[in-house]
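[1] next one to model:
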Amino acid sequence: MTFELPNLSYSHSALAERGMSQETLELHHDKHHLAYVTALNGFVEGNADLQGKTLEQIIALSHGDAALAGVFNQAGQHWNHIHFWNALSPNGGGIPGALEAKLVEGFGSVEAFKAAFKTAATTQFGSGWAWLIQKADGTLAVTKTANGVNPLATGEGTALLGLDVWEHSYYVDFRNRRPDYVSNFLDNLANYEFAEANLA
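    Sure, this is the predicted structure:
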């Protein structure tokens, strides 16, 4: 099985008016994500135990295995970015009713959810991700992961909405202002319809 870079469902310039420039998307999607896919395919080609497995199976197999750390890094980042492109929208920011009700139930208010998510995203030291997840009991929570780790690997829950907080995701547009990048995502770019669709 050869993994491929997915096409964006919007143009490279579609998010510019909402705070993510064409340059960022061209670098992030066309260069960074492609590099993860290329490296992952190289690992799979050289390891018969990985051949024929799905991305999710490779993540499960390689997570926590020091000998497969390189495999996990590429597979995790490929999975994370597939999620991330869907978590962005040119019409982002509006929260549909079912998800809003779950956010209020889980956090007390939408603003409290955003505050918790922003805290997770801004306190992730170095590279990583912030996530809105649905736990096994159906409740919602916010978590963060380092590098290429994700809720699929940790088993914490189902990823509803993930935000890349590696510097390459925001430095062109926001320089070192990660908090501004996170706020802009939550208010203007987040595809909450995608998040709602991921609810169990």
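[2] can you give me the domain boundaries for the chain?
    As assigned by automatic domain parsing, the chain contains the domains 21-86, 97-197.
[3] could these go into JSON lines alongside mean pLDDT and distance to Met1?
    To be clear about C-beta, it is placed using only N, CA and C from the backbone, and glycine gets the same treatment. Formatted as JSON lines, the domains of the chain follow (pLDDT from 0 to 100; distance: least, Cβ to Cβ, whole Å):
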{"stretch": "domain 21-86", "mean pLDDT": "98", "distance to Met1": "6"}
{"stretch": "domain 97-197", "mean pLDDT": "98", "distance to Met1": "18"}
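[4] distance of the nearest residue to Leu25 once chain neighbours are set aside relative to Leu68?
    Once flanking residues are discounted, Leu25 sits nearest to His12: 4.5 Å by Cβ to Cβ, 6 or more residues apart in numbering. Note on His12: its distance to Leu68, by Cβ to Cβ, to the nearest Å, is 33 Å.
[5] swap in Trp85?
    Distance, Trp85 to Leu68, by Cβ to Cβ: 25 Å.
[6] same deal with Leu189?
    33 Å.
[7] as a quick check, tell me the outermost residue of the protein.
    Using Cα atoms, centre = their mean, the residue of the chain lying farthest from its centre is Ala48. It sits 28.4 Å away.
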